[in-house]
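Asker: Sharing a model that was predicted from the sequence below.
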Amino acid sequence: MIRSLLARLPRTATAPFCPSEVRGTVQLAPGLPFWKKLLKFAGPGLLVAVGYMDPGNWATDIEAGSKYGYALLFVILSSSLIAIFLQGLCIRLGIASRRDLARLCREHYSRPVNLTLWAMAELAIIACDLAEVLGAALALHLLFGCSILTGVVLTAFDTLIVLGLKGKGFRQVEAIVLGLIMTISLCFVVQLWLVGPDFAAAAAGLVPSGAALHDAEALYLAIGILGATVMPHNLYLHTSIVQTRVVSDRPADKREAIQLSTIDTVVSLSLAFFVNAAILVLAAAAFHANGHSDVADIQDAHQLLSPVLGTAAAGVLFGLALLAAGQSSTLTGTIAGQVIMEGFLDLKIPCWQRRLITRGLALIPAFIGVSLWGEGAVGKLLVLSQVVLSFQLPFAIYPLMRLASNRKVMGEFAIGWMSQALAWFLFLMISALNAWLVFRFFVA
C-alpha cells in the first residue's frame, strides 16, 4: 500500500547528490601518492560520522557528565570502537559486493522479512529525524528566544536546504557536512577552553571500570549512550555511499579501496568521539564539579552554562553547535532514506520528496508532544527517539554480519571467524542491553 502511494508521486530525476547517481566517481591515476589517494577517498566517513553526533546523543552525554563526572567516558570510547568495527563491515560489504545492505537484503531474504526490515529501518530514520527536529527547534529557541513549538514549525522548512543542493555533486555535499562538523568541533574546543576541565580525571575516565556502573541509573545511562551512538540507518547508508569510491572490480583495487575507506572512517568517527566526549566533559567540568548533578536535559545545560562560566558566549556557542548538529544530520538522513527505499522497495523518488515524507512524519510526534506536554516534553521525546533507535539496531546488525560472512556475496573478502565471533558477540550484547533498556523505559 505504501509503495503504491509513493509510486504515484511525480517522477523526476533524482538529485545528483544521491549516491545511486554517483557510484564509482573516484579515478586513481597510476603512481598517485598514498596521501593523495587518501584525500580522494575522504568523505563518506564524514557523512556517517554526523549520525554519531546528532542532538539525540546530547541528552545522554549531558546527564552522564553532570551526574557521574568523567566516570562514564569509557562508555563513549567503547561505543565509538563498536561503531568503527560495524562501519568497517559496511565498507567491506559495499565495496566487495558492489551493492548496498538494503539491496542485498531484498535479494537474499523473503518478501515478508524484507518488508519488516524496511519498516524497522524507516522507523529508525523517523526516530532520528525526530531528534533532529527537537534539537533544531531547541537550538532556535536558545539562540533567538522563539518558542519551541515555533521552532518545530520552522524545522519544516529545512527541505529548502535539500532543494538548494539539487545539481550539486556528492563531493560538494561532503564539503558542506565537513564544514558543519568543524563548526561543532570548534564550538566545543572554545567551550572546553573556557571551562578548563580536569584532563587527568578525564583520562582516567577513559579506562573501563565496573565500579562506574555501580547502580542501575549509571547502567541505564551507559546503555543510553550506546544506543544513541551506534545508529542503525548508518549501516545501510555506509554500504551505499562507500561505493562512490569504487574504481574497478579487480581484487587489488577493491582491497585498496577498503583500506583507504577504513582510514577515512576511523578518522571521521574519531571526530565524532571527540564531540561526544566533549559534551560529557563539558557537563562534568561545568556542572558536576560545581555541585549541579541534576542537569538532565539540553535546555537546563544551556541555562546554566553562561552563569557557571561567567560569559554569555558559552551559551551562544552551545546553541550554534546544537543547530549545526541537527542540520548536518538532516542531509545524511535524507540520503539514508533514499538508499533504504531504493534498496528494499526498488523505488526511486527525488530526494526533496523523500525529505518531505521523513520530516512530515517526524513533525507529527514532535508537534503533538510539545503541544500537549509543553516545552518540558523535549527531553522525554529525545530519550524516546533513542529507545526506538536502540530497539531497531539488532535488525540492521544481523543481516550485515550474515551477508559480510557469506562467500557467495563477498568472495575472498568474506570476514573470517574472528570477525564473525566479534560480530555475534556485539549482536547478542547489544540485543540484550537494548532489551533491558526498552524494558526499563516502558515497564520499570
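Answerer: Nice, I can see it. Numbering: from 1, shown residues only.
Asker: Only C-alpha atoms from now on, for both contacts and neighbour counts.
Answerer: Will do.
Asker: Just to check, I181 is in contact with A325?
Answerer: Yes: under the contact definition of Cα atoms under 8 Å, I181 touches A325, with a separation of 7.4 Å.
Asker: so what sits against both of the two?
Answerer: Shared contacts of I181 and A325, defined by Cα atoms under 8 Å, 6 or more residues apart in numbering, are found at V50.
Asker: residues touching the residue nearest the centre of the chain, list them.
Answerer: Among the residues of the chain, the one closest to the centroid is G51, at 1.7 Å (Cα atoms, centre = their mean). Neighbouring residues of G51 by Cα under 8 Å, 6+ apart: T229, M231, N234, S329, T332.
Asker: can you put those residues in a markdown table and add neighbour count?
Answerer: Output for the contacts of G51, formatted as a markdown table (neighbours: other Cα atoms under 10 Å):
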| residue | neighbour count |
| --- | --- |
| T229 | 28 |
| M231 | 24 |
| N234 | 27 |
| S329 | 25 |
| T332 | 24 |
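Asker: possible to save those as CSV with pLDDT?
Answerer: CSV is the format used below for those (pLDDT from 0 to 100):
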residue, pLDDT
T229, 72
M231, 78
N234, 86
S329, 69
T332, 73
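Asker: Inside strands: which ones of those residues?
Answerer: Among the contacts of G51, none falls in strands (DSSP state E).
Asker: can you give me how far the host helix or strand of A201 is from the chain middle?
Answerer: In the assignment (DSSP states H and E), A201 maps to helix 199-205. Averaged C-alpha coordinates place helix 199-205 at 26 Å from its chain's average position (Cα atoms, centre = their mean, to the nearest Å).
Asker: what is the rounded mean pLDDT of it?
Answerer: Mean per-residue pLDDT for helix 199-205: 90.
Asker: pLDDT wise, what is L428 at?
Answerer: Looking at L428, its pLDDT reads 91.
Asker: what do you get for S110?
Answerer: For S110, the model assigns a pLDDT of 92.
Asker: Just give me the neighbour total for it.
Answerer: Counted by other Cα atoms under 10 Å, the residues lying close to S110 total 10.
Asker: Quick check: phi and psi on it?
Answerer: phi -70, psi 160 (degrees, to the nearest 10).
Asker: so what's it up against?
Answerer: S110 makes contact with no residue, according to Cα under 8 Å, 6+ apart.
Asker: how much space between it and F344?
Answerer: 11 Å (Cα to Cα, to the nearest Å).
Asker: Mind listing the shared neighbours of those two?
Answerer: The contact sets of S110 and F344 do not overlap (Cα under 8 Å, 6+ apart).
Asker: ok so, going back, and I181 and A325? which has more neighbours close in?
Answerer: Per other Cα under 10 Å, whichever of I181 and A325 has more neighbours is A325, with 28 against 25.
Asker: Would you mind listing where the stretch 1-150 of the chain has pLDDT under the threshold?
Answerer: Low-confidence segments of the stretch 1-150 of the chain, defined by pLDDT under 70: 1-30.
Asker: Swap in 90 and give it another go.
Answerer: Residues of the stretch 1-150 of the chain meeting the criterion pLDDT under 90: 1-69, 71-72, 75, 79, 121-150.
Asker: For it, which segments count as helices?
Answerer: Applying DSSP state H, counting those that start in this stretch to the stretch 1-150 of the chain gives helices spanning 2-7, 34-41, 44-49, 55-68, 73-97, 101-108, 111-144, 148-154.
Asker: contact partners of the third one?
Answerer: Under the criterion Cα under 8 Å, 6+ apart, residues 174, 177-178, 234, 237-238, 241-242, 261, 264-269, 271-272, 332 lie in contact with helix 44-49.
Asker: Need the three-state assignment for the closest residue to A127 other than its chain neighbours.
Answerer: Distances taken as Cα to Cα, 6 or more residues apart in numbering place S385 nearest to A127, at 4.8 Å, with adjacent residues excluded. At S385 the chain is in helix, as set by DSSP: H, G, I helix; E, B strand; the rest coil.
Asker: where's S385 relative to M429, distance?
Answerer: 20 Å.
Asker: out of those two, which sits in the more crowded spot?
Answerer: Of the pair S385 and M429, S385 is the one with more neighbours under other Cα under 10 Å, namely 24 against 13.
Asker: Quick check: closest non-adjacent residue to A201.
Answerer: Computed as Cα to Cα, 6+ apart, the closest residue to A201 that is not its neighbour in sequence is Y70, at 6.6 Å.
Asker: That neighbour: what's it in contact with?
Answerer: Applying Cα under 8 Å, 6+ apart, we find Y70 in contact with A201, A202, A204, G205, L280, V281, A284.
Asker: For the buried ones among those residues, write the corresponding ChimeraX selection.
Answerer: The buried subset of the contacts of Y70, as determined by 16 or more other Cα atoms under 10 Å, is captured in ChimeraX by this line:
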select :202,205,280,281,284
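Asker: Could you export the contacts of Y70 as JSON lines, including distance to F74?
Answerer: Below are those laid out as JSON lines (distance: Cα to Cα, whole Å):
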{"residue": "A201", "distance to F74": "12"}
{"residue": "A202", "distance to F74": "10"}
{"residue": "A204", "distance to F74": "9"}
{"residue": "G205", "distance to F74": "6"}
{"residue": "L280", "distance to F74": "11"}
{"residue": "V281", "distance to F74": "12"}
{"residue": "A284", "distance to F74": "14"}
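Asker: Among the contacts of Y70, which one lies nearest to G337?
Answerer: L280 (29.8 Å; Cα to Cα).
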